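A.B. asks: Using only what follows, build the 3D model:
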Amino acid sequence: ELWICGDGPLKECVEGYAQKHENIHYYGIWPNDEVQRMEQEAAVLIAPRFSKNDFTKYSFPSKTIEYMTSGTPAILTRLKGIPEEYFDYAYILEDETAEGICNLLGEVLAEDGRVREEKGQKARAFVLTHKNYLEQSKRILAFLRNMGRSGS
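C.D. replies: Numbers count the residues shown, from 1 in each chain. Predicted coordinates for the structure are as follows:
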């Protein structure tokens, strides 16, 4: 099944597909706690933002952290604004086409469920351990201290 939440310019198109295919479910806008529950129930989460646009070097989608924190494995594209270390904890969509998504999704879903679950749990641990507010605050303070030393 494909579950889709949210809103946007393709809403009517998605609703049309959901009406034609009983395995596609469009939920629209839901409360955040419900969306998080659904993310934890999913086999895999997909964040198909295209990386070819120049603005992506300044883009770090909040969905990346949200998906990784859920403990459900995620499929991401290599956005220039996402540090390389994150990609060790996700499935990477290299072929950013409908066929590429279909092929990668098939590969991911063909994996043993325990392998997928382990990948999702490792992503969760990575974010909670290394990307929490305390760790990020330490990095900011170290950056500021270094600026003071260098006279910048």
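
A.B. asks: residues contacting the most centrally placed residue in the chain?
C.D. replies: By Cα atoms, centre = their mean, the chain has its centre lying nearest to Thr64, at 3.6 Å. Going by Cβ atoms under 8 Å, 6 or more residues apart in numbering, Thr64 touches Ala47, Ala74, Leu76, Ile82, Tyr86. All C-beta spots, glycine's among them, are computed from the backbone N, C-alpha and C.

A.B. asks: With neighbour count and secondary structure added, can I get those residues in CSV?
C.D. replies: Compiled in CSV, these are given as follows (neighbours: other Cβ atoms under 10 Å; DSSP: H, G, I helix; E, B strand; the rest coil):
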residue, neighbour count, secondary structure
Ala47, 16, strand
Ala74, 25, strand
Leu76, 24, strand
Ile82, 20, coil
Tyr86, 21, helix
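
A.B. asks: ok, those vs Trp30, which is closest?
C.D. replies: Trp30 has its nearest neighbour among the contacts of Thr64 in Ala47, at 17.3 Å by Cβ to Cβ.

A.B. asks: Just the pLDDT for the closest one.
C.D. replies: Ala47 carries a pLDDT score of 89 in this model.

A.B. asks: next one: Asn132
C.D. replies: In this model, Asn132 is scored at 88, pLDDT.

A.B. asks: and if you look at Glu15?
C.D. replies: pLDDT at Glu15 comes out at 95.

A.B. asks: One more: Arg145?
C.D. replies: Model confidence at Arg145, expressed as pLDDT, equals 91.

A.B. asks: Surely it forms part of a helix?
C.D. replies: Yes - per DSSP: H, G, I helix; E, B strand; the rest coil, Arg145 lies within a helix segment.

A.B. asks: dump the residue contacts of it.
C.D. replies: If a contact means Cβ under 8 Å, 6+ apart, then Arg145 has no contacts.

A.B. asks: Check the spacing between it and Tyr26 real quick.
C.D. replies: Here Arg145 is placed at a distance of 49 Å from Tyr26 (Cβ to Cβ, to the nearest Å).

A.B. asks: which SSE is the closest residue to Lys57 other than its chain neighbours in?
C.D. replies: Excluding its sequence neighbours, the residue lying closest to Lys57 (Cβ to Cβ, 6 or more residues apart in numbering) is Lys80, at 3.6 Å. Of the helices and strands defined by DSSP states H and E, none includes Lys80.
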